[in-house]
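*Asks:* sequence below, structure please.
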Amino acid sequence: MDIVPDGFVEEWMKKGDRFIPARLQAALALLEKLRSDPVLDLTAHLASKGSSGLQSHETWGNRAHKRLQIEAINKNHGRRSSSLQDWGQELLDLLKAAGFENASKSGRSTLLDDAQRSLAEKLRYILDQEPLEVRLGGKTAETVVGELLKQAEEKGKAGDVAQYLVGAKLKLRFKRDIPANQANRADRKCRGDAKAQPGDFVIENAVIEVAVGLPDDKHMNQIADALEDSDFEVWLLTRSDRVGTWKRELEKGEVTDVKRVVVTSVEAFIGQNISELSEFSSKQKTRQLKALVDLYNKEWVDKVGLPGIKIIVK
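*Replies:* Numbering: from 1, shown residues only. I've put the predicted structure just below:
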């Protein structure tokens, strides 16, 4: 049964040609809540009057994702950004039209299964197939990289995209073979693991580690291990808004010899080289960015990545 028609999805679950994860996930959470509280009045489910979130919003969202075995893209399931009040009642009205109120408990469960399955398919498409898209003109190379990382973060794939973009940048900059390892595959699993590299990339005496999240024991230990070789310096690449956090954590003294550690952003690490390779020409910058994207798609995504992180230049 087609509980959620294409017209509803096109009007409320998409922006232009792209699905909106926060809205899809909030819809799943609302439908999940109906399993315990089968009331088709949106106000009965909201956390407060005028709220864009449900009572126990994340709880219902997590329960729906566990049931459907699908990764959560928006970590709070659209509690703050889904515009639920604009479309939530309409979704409930679709269930009413399908006979939800007069159905047995098992019948209501079947209707909810069908509605959730339809929405979950859209989320799986985002995760598995829908590419990242970016325009290159009228912005700095750093901004372009930042926009790509933001889109990737919405898919829960910021780490993968950052690592593969860094690999493509190194190949573009140095014109040398850079192994295309799956994200984190080269990470050392434990001390004494001779098969693993000390970081995501090793260029001569530089260990380059991509860590877009907040400081954690895993990466701090990797930095410490790499610094045991006195010839190595470590380049820790993170998101632009987390550079300061990483620097402060390193300065606490847990990692010795921090004078051999460079902490900078993925955006700056890639963006500066693109600008220099283009000799600060806008036309050449666009060409270099296209070359970067081509390498990223061909050498990393096609070999070790997923279709859902391919980059399309608009």
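
*Asks:* what residues does the helix-or-strand element of the chain with minimal mean pLDDT touch?
*Replies:* The weakest-scoring helix or strand in the chain, judged by mean pLDDT, DSSP states H and E, is strand 18-19 (a mean of 87). Contact with strand 18-19 is made by 13, 122-123, 125-126, 130, 133, as judged by C-beta atoms under 8 Å, 6 or more residues apart in numbering. Bear in mind the C-beta positions are built from the backbone N, C-alpha and C, glycine included.

*Asks:* next structured bit after that strand?
*Replies:* The C-terminal neighbour of strand 18-19 among helices and strands, as given by DSSP states H and E, is helix 21-33.

*Asks:* show me how far that following helix is from its chain's centre.
*Replies:* In terms of C-alpha atoms, centre = their mean, to the nearest Å, the centre of helix 21-33 is found 18 Å from the chain centre.

*Asks:* what packs against it?
*Replies:* Secondary-structure packing of helix 21-33 (3 or more C-beta pairs under 8 Å, 6 or more residues apart in numbering; DSSP states H and E): helix 57-68, helix 84-97, helix 105-128.

*Asks:* contacts for the longest one, please.
*Replies:* Residues external to helix 105-128 that are found in contact with it (C-beta under 8 Å, 6+ apart): 1-4, 9, 13, 19, 21, 24-25, 27-28, 31-32, 34-35, 38, 64, 67-68, 70-71, 73, 91, 94-95, 98-100, 103, 155-156, 306-308.

*Asks:* what's the PyMOL line that selects buried ones from those?
*Replies:* Buried residues within the contacts of helix 105-128, by 16 or more other C-beta atoms under 10 Å, are selected in PyMOL with:
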select buried, resi 3+4+9+13+19+21+24+25+27+28+31+32+34+35+64+68+70+73+91+94+95+98+100+103+155+308
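
*Asks:* hmm, back to that, so can I have a markdown table of the contacts of strand 18-19 showing pLDDT and distance to A162?
*Replies:* Formatted as a markdown table, the contacts of strand 18-19 follow (pLDDT from 0 to 100; distance: C-beta to C-beta, whole Å):
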| residue | pLDDT | distance to A162 |
| --- | --- | --- |
| M13 | 96 | 28 |
| K122 | 93 | 25 |
| L123 | 92 | 22 |
| Y125 | 89 | 23 |
| I126 | 86 | 19 |
| E130 | 88 | 19 |
| E133 | 94 | 17 |
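
*Asks:* now do the helices in the stretch 151-300 of the chain.
*Replies:* Using DSSP state H, counting those that start in this stretch, the helices found in the stretch 151-300 of the chain span residues 158-174, 217-226, 243-249, 266-277, 282-295.

*Asks:* most packed of those helices?
*Replies:* Ranked by mean neighbour count, these are led by helix 158-174 with a mean of 23 (mean count of other C-beta atoms under 10 Å).

*Asks:* ok, residues contacting that one?
*Replies:* Against helix 158-174 from outside (C-beta under 8 Å, 6+ apart): 132, 145, 148-149, 152, 176-178, 180, 183-184, 200-201, 203, 208, 210-213, 237, 239, 266, 269-270, 273-274, 277, 288, 291-293, 295-296, 299-301, 304-306, 309.

*Asks:* try it again with 7 Å
*Replies:* Here helix 158-174 makes contact (C-beta atoms under 7 Å, 6 or more residues apart in numbering) with 145, 148-149, 152, 178, 180, 183, 200-201, 203, 208, 210, 212, 237, 266, 269-270, 273, 277, 291-292, 295-296, 299-301, 305, 309.

*Asks:* likewise for stretch 241-256?
*Replies:* Applying C-beta under 7 Å, 6+ apart, the set of residues contacting stretch 241-256 from outside is 214-215, 220, 223-224, 227, 236, 238, 258, 261, 263-265.

*Asks:* change it to 10 Å
*Replies:* Stretch 241-256 has contacts (C-beta atoms under 10 Å, 6 or more residues apart in numbering) with 146, 211-217, 219-221, 223-224, 226-228, 234, 236-239, 258, 261, 263-268.

*Asks:* how about low-confidence regions in the stretch 1-150 of the chain?
*Replies:* Low-confidence segments of the stretch 1-150 of the chain (pLDDT under 70): 1.

*Asks:* number of nearby residues for D128?
*Replies:* D128 has 12 neighbouring residues, counting by other C-beta atoms under 10 Å.

*Asks:* the helices of the stretch 151-300 of the chain into a markdown table, with extra columns for distance to A141 and mean pLDDT?
*Replies:* Shown next, in a markdown table, are the helices of the stretch 151-300 of the chain (distance: least, C-beta to C-beta, whole Å; pLDDT from 0 to 100):
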| stretch | distance to A141 | mean pLDDT |
| --- | --- | --- |
| helix 158-174 | 10 | 97 |
| helix 217-226 | 25 | 91 |
| helix 243-249 | 17 | 95 |
| helix 266-277 | 4 | 97 |
| helix 282-295 | 6 | 97 |
